[in-house]
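Engineer: here is a sequence with its predicted model. Questions after.
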Amino acid sequence: MKRHQFMHNISIDTLSVIARQCIAVTCLQRFCQRHALHHQALSAFAEHIWQVTQVGPGDFAAWESGFASLAVTGMGDPWPDDIRMAIPGHLLGTLERLVQHVLETSACTWYGNDLPESRRQLEAVLELCARHDVAIPQLAHYVQHDAALRGGWGPALTDEEVRAWKALI
């Protein structure tokens, strides 16, 4: 797939890291819906990712350390057997890669400002979804006028914005 097919006339580069992270987790949730994948560990991972939308600078360390308590972290740790057994074998590798790319969409910027890598990670998410017949969200729905704030992270979302973005799943 060519990169421009995903752009929908909006460049990923104009999106905040929070917007990119929400697009990525929306893609993961759509992937799970499309392939009827249901597991509490995947839901917990997605819900934890969504919390990034309202994490302030003083709360970031607690949010980041919260991944350690999850069964699925996206950090390359082996998944517990019960999760692996619940996922059809032909989708497991793809799902593991997808979860890692979802996490890395923001994680690559946690201790630096690697916005180009964030774009590459989101592109990998979009490509995996396209290959597996998962609808790509319209990027225009995630545009924020002040996306450059906080080193490209953009502003924290209001409760109303979080609800609106989650409704796009």
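Structural biologist: In hand now; what should we look at?
Engineer: list the buried residues in the lowest-mean-pLDDT helix or strand in the chain.
Structural biologist: The helix or strand of the chain with the poorest confidence is helix 149-152; it has a mean of 88 (mean pLDDT, DSSP states H and E). For helix 149-152, burial by neighbour count (16 or more other C-beta atoms under 10 Å) applies to G152. All C-beta spots, glycine's among them, are computed from the backbone N, C-alpha and C.
Engineer: what packs against it?
Structural biologist: Contacting helix 149-152 under the criterion 3 or more C-beta pairs under 8 Å, 6 or more residues apart in numbering; DSSP states H and E is no other helix or strand.
Engineer: which element follows that helix toward the C-terminus?
Structural biologist: helix 159-166 (DSSP states H and E).
Engineer: W79: what secondary structure?
Structural biologist: Following DSSP: H, G, I helix; E, B strand; the rest coil, W79 is assigned to coil.
Engineer: surely it touches G93?
Structural biologist: No. W79 lies out of contact with G93 (C-beta atoms under 8 Å); the separation is 11.0 Å.
Engineer: more neighbours, these two?
Structural biologist: W79 (20 against 10; other C-beta atoms under 10 Å).
Engineer: ramachandran angles for that one?
Structural biologist: Main-chain dihedrals, W79, degrees, to the nearest 10: phi -80, psi 140.
Engineer: and for it, nearest residue in space, chain neighbours not counted?
Structural biologist: Among residues not flanking W79 along the chain, V72 sits closest, at 6.0 Å (C-beta to C-beta, 6 or more residues apart in numbering).
Engineer: wait, what's in contact with the one you found?
Structural biologist: 41-42, 44-45, 79, 83, 99 (C-beta atoms under 8 Å, 6 or more residues apart in numbering).
Engineer: now rank these by neighbours and give me the top one.
Structural biologist: Ranked by the number of neighbours (other C-beta under 10 Å), the contacts of V72 place V99 first, at 26 neighbours.
Engineer: list the buried ones in the helix or strand where that one lies?
Structural biologist: In this assignment (DSSP H and E), V99 forms part of helix 89-107. By neighbour count on 16+ other C-beta under 10 Å, the buried set for helix 89-107 is 92, 94-96, 98-107.
Engineer: now stretch 134-152
Structural biologist: Buried residues in stretch 134-152, defined by neighbour count with 16+ other C-beta under 10 Å: 134, 136-137, 139, 141-142, 144, 147, 152.
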